Each structure stands twice: as structure tokens, then as C-alpha cells.
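Novice: Pasted the sequence and its predicted model underneath.
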Amino acid sequence: AQKVTQAQTEISVVEKEDVTLDCVYETRDTTYYLFWYKQPPSGELVFLIRRNSFDEQNEISGRYSWNFQKSTSSFNFTITASQVVDSAVYFCALKASGNNRKLIWGLGTSLAVNP
Amino acid sequence: KAGVTQTPRYLIKTRGQQVTLSCSPISGHRSVSWYQQTPGQGLQFLFEYFSETQRNKGNFPGRFSGRQFSNSRSEMNVSTLELGDSALYLCASSLGGSLTGELFFGEGSRLTVL
């Protein structure tokens, strides 16, 4: 069975703090994809990143960075110098390779960045 | 480039009624997926359509149905509404299907069942 766990339900930080959102996944597939999506108050989920299971390189995009570790089945997301606009719900998702495989979503982490 | 458009944005229904939600994908996208989002269950996959064919289906009762038209627009229907159907229904489109997982979402249709 596949599963995605985001243990942090809510996080509250003060602007300019760094914050890490945890994501732990379970799968028996050897080929799979991991994702992060952001859902601002407007409701529209926004794609942030996709990582395949064979690429464990960390990625940095501006203030965002992702740490993928297969050994611990984790795909954590760090926001450096957080800003109020980062306030949103962040979802981690998993998809095994194959056309008939569905995206499995975590329950999300609600991040509040306070001024 | 216009994004994914969902209508209506908000609606209120009573138990037993039925509802139809509409989704217009990004131009050129052939895949449309539907999700139900509730505070307790998170994002639950309903179904995916690709070139007018249902390619994948989640674990929802038969009261939930959908279809896709030749222009890739999609509709989903929920019959005999129950209180538990109150949720945000999200539509997502992608170029070649959900294979890669990079989905473009609409803002959702928020359904309240009284």
C-alpha cells in the first residue's frame, strides 16, 4: 500500500524564520514520483516540484529547497527566510510509475507566517 | 494562457438533490482529474478522464459520476446528495494525463449540502 504522512498539521512562524515541512512516504514500487503542492487561501493548488525516485539530488529554487532521502523515505521541504505570502497549506504527494496509478496525497501542513 | 476554470464556485444544495459541476481545462490539455477535499479526509481522488475516456477511478460510490467532452471540458455529477458530500471539489488538468503528476488546478467548487 502507498501512503504519505505529513505529521505536522499546523506550523506557525514569524516572518524571516526558516521552516521545514516534513513528508514521509511508503511504497513498495521502485519507480515513483514525489511532489509538493501549495494551496493558498484562494483554493487553487499550485505545483511546486516533482522528483523521481532515481534522483536523490537536493534541489534549491530561490528560498525553497527540498531534501529527498530514500534511506528514510522522506522528502522534506524547507522555506528559508519565510514571508507572509508563504502562508498556505502545503501538500506532499506520491505517485508510482504507470498510467493507471493515482496520486496519493498527504493531509497537508498549514503554514502561517506572521509579520 | 487561461487557467483551469471551474463553475460554479459556490453552491448550496439540500439532501437528496443532485448537482453538476463543470471544469474547463487549460487549452491543449487532454486530461482532467477530479478531487474531493474535506478537512478530515484531505484530497481524495474521484476520477480521471483522458480523451473522453475514464482512465482511472477512486473509491467513491456510484452517486459520483463524470464525463469528458470532445473539447476536453469535463463535468462531474453527484446524485442523491448527502450531508457528507459537502466539500471543495477540485478539477485539475494536464497535458498527457496524470502520469507525471504535474497538475494544474482550478480554484474549486465549494458545495454545501444542508
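Specialist: Perfect, thanks for sending it.
Novice: quick one: contacts for A:Glu10?
Specialist: Applying Cβ atoms under 8 Å, 6 or more residues apart in numbering or on different chains to A:Glu10 gives the contacts A:109-112. Every C-beta, even on glycine, is put in place using the N, C-alpha and C of the backbone.
Novice: Does chain B have contacts with the one helix or strand in chain A whose mean pLDDT sits lowest?
Specialist: For chain A, counting by mean pLDDT, DSSP states H and E, strand A:59-61 ranks last in confidence among helices and strands (a mean of 87). No - using Cβ under 8 Å from any Cβ of the partner chain, no contact is recorded between strand A:59-61 and chain B, whose separation bottoms out at 14.7 Å.
Novice: And the residue nearest to A:Ala7 when sequence neighbours are not counted, what's its pLDDT?
Specialist: Leaving aside its chain neighbours, A:Ala7 sits nearest to A:Asp22 (5.7 Å; criterion: Cβ to Cβ, 6 or more residues apart in numbering or on different chains). Note on A:Asp22: pLDDT of 98.
Novice: A:Asp22 and A:Ile11: what is the separation?
Specialist: According to Cβ to Cβ, to the nearest Å, A:Asp22 and A:Ile11 sit 10 Å apart.
Novice: What residues of stretch B:68-83 count as buried?
Specialist: Buried residues in stretch B:68-83, counted by 16 or more other Cβ atoms under 10 Å in any protein chain shown: B:68, B:72-76, B:78, B:81.
Novice: Sketch out the low-pLDDT regions of the chain for me.
Specialist: You didn't pick a chain, so chain A it is. For chain A, the stretches flagged by pLDDT under 70 are A:98-100.
Novice: Please refer instead to chain B.
Specialist: If you take pLDDT under 70 as the line, chain B has these spans: B:1, B:96-101.
Novice: all strands of it, in order?
Specialist: For chain B, the strands defined by DSSP state E occupy B:5-7, B:10-13, B:19-24, B:31-38, B:42-50, B:53-57, B:64-68, B:74-78, B:87-94, B:104-105, B:109-113.
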